[in-house]
Each structure stands twice: as C-alpha cells, then as structure tokens.
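1. Give me the fold of what follows.
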Amino acid sequence: MEKIIINKKYFGSIDLPSTDAARRVFVRVTKAYAAQKPMNIHLLFSPGKLKALQYYQVGGAWQELLDLELYIELGKVLRFDTVDAEKLKNSIELTNDIAHNHFNITKRLTLCNKKVKSISDAVYIFWDIENFSNIGSVFTDLIEKYEVPDYHIYMAANPDSLYLFKDEWEANLYDYGKSLKSFQFTKCDHGKNVADTVLLENFLTLAPSHADIYLMTFDRELKERFESACDASNNLYILEK
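-> Alright, predicted model coming up:
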C-alpha cells in the first residue's frame, strides 16, 4: 500500500502496482492536486492520444485502462471528480470489446509454490507458445504490465509447430513491434515434448532466485516439473484454465 501525503497532510492509502507506469500516474496526479491544477484526464493523455483512443487499439489499450483505473482510485481517495475518466474507460472497453475478446491472464494465474508472495527483484516468463499462443493477452497482462524485458522471456517451439504456426505467431508479435527473435527463443529438434524440456532446461540453467516466475502453459506435466525445480525464494505463477 502506498500512503498519499500531500503538503504534509495524509489522505489515505492506495494499492499501487510496482511498475514505472503506475508510479508515473501517481506522481503526476498527486503533483497536480498539490498545485491545485484542474483534475481531468488530460493529466494522463495528450489530445492526440485521446483522439486515438476513440478507435480500436492493438491489445485493447490495456495499459491505458490500467492508468485510468488507478486515476479513478486516486480520485476516490482525494475526492476529486472522475466522471470523465469513467466515461473514457467505458468507451475504450466498448470500442475494443474487452469483455468478449480478451483472455484475462491475471484472473487465471495462481501462486502455486507458497501461500503468500515473497519479496522479489526480477521477473521472468517461460512461455510454451505451442500450448498457449494467446499473444495479445501475454503482452497486455504480463509483459507490458510488469515491464518484463525481452531477454527475460524464454520461448521454445518444435519444428512441426513452427512450420504450421510461425507466420501466425510472427504476425501477432509484429503488432507489438516484436518477432520470435526478440526473445530468448529456441528452435528445437524433433521429438516428443522437446520444447517443454528446453524451457525447463532454460529455467534450471538460469537458476533464478527471489524472482517472480510466470509459466505460460496449460501442460500439467510441465507445471509439475517447474514446481519441483523452483527455488523456494521464487514466486512461481502457473496458468489455470
């Protein structure tokens, strides 16, 4: 929880995500409030950006929605009007049809190796793209939200899957300015469960500690292998159907 103290006056606390984007919104809003500036969505978005948000956005404008949600929560604590932000949020969701086409990873992630999250100083994604290929959701709910660097994202695929789906994966990644080569990607040899084994070997070689580990797969055996190999200091999140 982040305490909100402005001009030496305590207003309350807010659950502030540990991202640079959330911190920027928090600082921008509290500074404007302290300076008694008009409180409106222009604190968050330029006129050009507001115009762009009237149309469909790749990834559903997920970061902008997170910014608006934080702004609205700050408005509740500081007691300023957020009607314009609420209207914009509803408009973005309607335009992008979030309720129908967005697979919300956040609601399906489970901390599987402990009951309470421990302190971490890094985040990694191990992505079984053959088994879970929802690229848009991985970007909006994980990569962008937690600002995961490309070199902390491990992926692998077998030759048959690459032959069948590479063009589709690359096209979807292109929307985010990426390709398979942007990440720690391994093209595997032929064989049963080779891609799964490569991801596990990547994990074992890296041997992370005090990190948040996100395993993007629906493969139950791979989840069990990761959990068995995971250092107790890590927070291991797996994806539930």
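2. In contact with the residue positioned nearest the centre of the chain, which residues?
-> Nearest residue to the geometric centre of the chain (C-alpha atoms, centre = their mean): Leu142, 2.1 Å. Shown in contact with Leu142 (C-beta atoms under 8 Å, 6 or more residues apart in numbering): 105, 125, 148, 214, 216. In this view, the C-beta of every residue, glycine as well, is placed from N, C-alpha and C.
3. per-residue pLDDT, the first one?
-> If I follow you right, that is Ile105. Listed pLDDT for Ile105 reads 79.
4. what do you get for the fourth one?
-> We note a pLDDT of 96 for Tyr214 in this prediction.
5. neighbours around it, how many?
-> Residues contacting Tyr214 under the criterion other C-beta atoms under 10 Å number 25.
6. Three-state assignment for it, please.
-> Three-state call for Tyr214 (DSSP: H, G, I helix; E, B strand; the rest coil): strand.
7. If I follow the layout properly, it ends up in contact with Phe126?
-> Yes: taking contacts as C-beta atoms under 8 Å, Tyr214 lies within contact range of Phe126: 7.2 Å.
8. least trustworthy helix or strand in the protein by mean pLDDT?
-> In the chain, no helix or strand scores lower on mean pLDDT, DSSP states H and E than helix 98-101, which sits at a mean of 44.
9. Glu147 reaches Ser18, doesn't it?
-> No: at 9.5 Å, Glu147 does not count as touching Ser18 under the criterion of C-beta under 8 Å.
10. Need phi/psi at Gly12.
-> Backbone torsions of Gly12, given as degrees, to the nearest 10, read phi 150, psi -170.
11. show me the contacts for it.
-> The contact partners of Gly12, by C-beta under 8 Å, 6+ apart, come to 3-4, 77.
12. Can you flag the buried ones in those?
-> Ile4 (16 or more other C-beta atoms under 10 Å).
13. any idea which of the contacts of Gly12 is the one closest to Asp196?
-> Nearest to Asp196 among the contacts of Gly12 is Lys3, at 44.6 Å by C-beta to C-beta.
14. domain parsing for this protein?
-> When the chain is parsed with automatic domain parsing, its domains come out as 2-100, 106-239.
15. And the helices in this protein, which stretches?
-> In the chain, the helices defined using DSSP state H lie at 20-34, 47-52, 62-78, 83-96, 98-101, 135-138, 159-174, 194-206, 220-229.
16. Buried deepest among those, which one?
-> Among the helices of the chain, ranked by average contacts under mean count of other C-beta atoms under 10 Å, first place goes to helix 135-138 (a mean of 21).
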